[in-house]
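Asker: any chance you can model this:
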Amino acid sequence: MDTAVSKYDKLYKYIYIAAIAVYAGFLAFLFYNQLQPLHTGTSLYESDTAAHVSFAVYDGYYHSLAAFIYLFFIKVFGLVVGTVLITATLTAVTALAIPLTARLIREVLKRSGYTIPEWSVLVISFFANIHTAFYVSAVNKQHYIGYQCANMWHNSTYLFMRFFAILTVIAFIKLYEDYEEGPQPGEWIVFPLLLTVTTGFKASFLTVFAPVMAFLLIRDLLYGEKFKRVFSIGMTVVLPIGVMILQSIVMAGDGGSNGYAFRPFYALKMRGDHPKVSLILSVAFLLVVFFIHLTDFFRDKFYLWTLAMWAVGFLEVFLFVETGARALDSNFMWGYSIALFFAFLISMVKLCRDIFDKGAGLVKRILCFVAAAVMLWHVISGVWYFALLLTGVTYFV
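Answerer: Predicted structure coming up:
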């Protein structure tokens, strides 16, 4: 029996590796073509990535660590080879985010007291990196703009941030789980370093993660945790916050013309045909899983943490907008998107556990079937959108 299971596990891993390799090939094709406007000025494969590279190389605008990567590749190797190297780098961080996500799932399971089949870990890690909003053309004709999505393929700084955010969460789980006995020196160094790097690529993860982390630490302090230990963890955000402030200064524009304003729902209704309905469809899967666990969602700390991140991200994008030259950029969406990524991921793990729970009643099993169907359409919507991008259309499609 063990031999049979082992053989199946190997088969699943081979299929998994092959699927990632094929996906990486499509990613390389897409990213390379998205960078072609730097050579030809064409509007095909329109993306933010070519603009980000142009800002760094030609305009001297360094708002992200990605800018220094682009500048190095282009200045040292030239435009042609540099484009290939940028393509390879973006392909690597996007494709490798999948096995990294699987690593995060295993870290969560190790500390959750339950297990799910290894093949489901692999499937979830893949699905988590390709799903988008629950697409309904009658609600919103565009697949991405007007919805809120955890995954996209047109913004390079988000792709970098997502990769390092996954690493950061893995490091935080290890640090937080160990700090009652006193944080290990290595963990104390690795976590803030990763959080700083993640923030350096895009500060949006810090804006949704730091408030939840602060809540956890304050709660621990109120429950009797030693101040010194709580303080040591809290100090890990000092450097990342400094980086975020520096980025905000760079992005403030000439004379500090860009700023923020309090305008509830304004950012969400800026784009989209029916913003209220599209908002619900963006989180359709989350809502079904939450309904299943309406009475016990607070018992699973990882599920609760990601729901809290989603809530913080939602409040930020719901309440605030940018002003000045960046008024139409909707940059608060990036924090909401990365919060969606983690909320969807843990919700999928939660659903998988429910499906394999032999003690579940008939009603719960029916609801699980509904949740699985909804999740499948989220994934199909993501594959559909990705396939459209490969044809050369704009990400506004």
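Asker: which residues touch V374?
Answerer: By Cβ atoms under 8 Å, 6 or more residues apart in numbering, the contact set of V374 is 134, 284-285, 288. The C-beta positions use only the backbone N, C-alpha and C, and glycine is treated the same way.
Asker: try 10 Å this time
Answerer: 134, 281, 284-289, 351 (Cβ atoms under 10 Å, 6 or more residues apart in numbering).
Asker: over to Y158?
Answerer: By Cβ under 10 Å, 6+ apart, the residues touching Y158 are 48-49, 66, 151-152, 165, 201-202, 204-205, 333-334, 337-338, 341.
Asker: and G186, how many neighbours does it have?
Answerer: 11 (other Cβ atoms under 10 Å).
Asker: can you tell me the element it falls in?
Answerer: Using DSSP states H and E, G186 sits in helix 185-201.
Asker: G272 touches N140, doesn't it?
Answerer: Yes - counting by Cβ atoms under 10 Å, G272 does reach N140; the two are 5.1 Å apart.
Asker: quick check: neighbours shared by the two?
Answerer: 146-147, 278, 282.
Asker: sorry, back to before: what's the most distant pair in the contacts of V374?
Answerer: Spanning the widest gap among the contacts of V374 are L281 and L351, at 18.0 Å by Cβ to Cβ.
Asker: wasn't Y260 part of a helix?
Answerer: No - going by DSSP: H, G, I helix; E, B strand; the rest coil, the assignment for Y260 is strand, not a helix.
Asker: tell me how many other residues crowd it.
Answerer: Summarising burial for Y260: neighbours were counted as other Cβ under 10 Å, giving 15.
Asker: next: Y61.
Answerer: As a burial measure, Y61 scores 15 neighbours (other Cβ under 10 Å).
Asker: next, give phi and psi for it.
Answerer: Torsion angles at Y61 (phi, psi; degrees, to the nearest 10) stand at phi -110, psi 110.
Asker: please list all residues in contact with it.
Answerer: By Cβ under 10 Å, 6+ apart, the contact list for Y61 reads 51-52, 54-55, 67, 250-251.
Asker: and P192, by the same measure?
Answerer: Counting by Cβ under 10 Å, 6+ apart, P192 touches 168, 171-172, 175, 233, 235-240.
Asker: rewinding a little: tabulate the contacts of V374 (CSV), appending pLDDT, neighbour count and distance to I116.
Answerer: CSV is the format used below for the contacts of V374 (pLDDT from 0 to 100; neighbours: other Cβ atoms under 10 Å; distance: Cβ to Cβ, whole Å):
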residue, pLDDT, neighbour count, distance to I116
F134, 97, 21, 23
L281, 96, 22, 27
A284, 97, 17, 22
F285, 98, 27, 17
L286, 98, 21, 19
L287, 97, 16, 22
V288, 98, 19, 18
V289, 98, 28, 14
L351, 97, 24, 10
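Asker: and of these, the nearest to M213?
Answerer: Closest approach to M213 among these (Cβ to Cβ): L286, at 21.0 Å.
Asker: give the other helices and strands that the helix or strand containing that closest one contacts.
Answerer: For L286, the host element (DSSP H and E) is helix 284-292. Secondary-structure packing of helix 284-292 (3 or more Cβ pairs under 10 Å, 6 or more residues apart in numbering; DSSP states H and E): helix 301-319, helix 332-355, helix 362-390.
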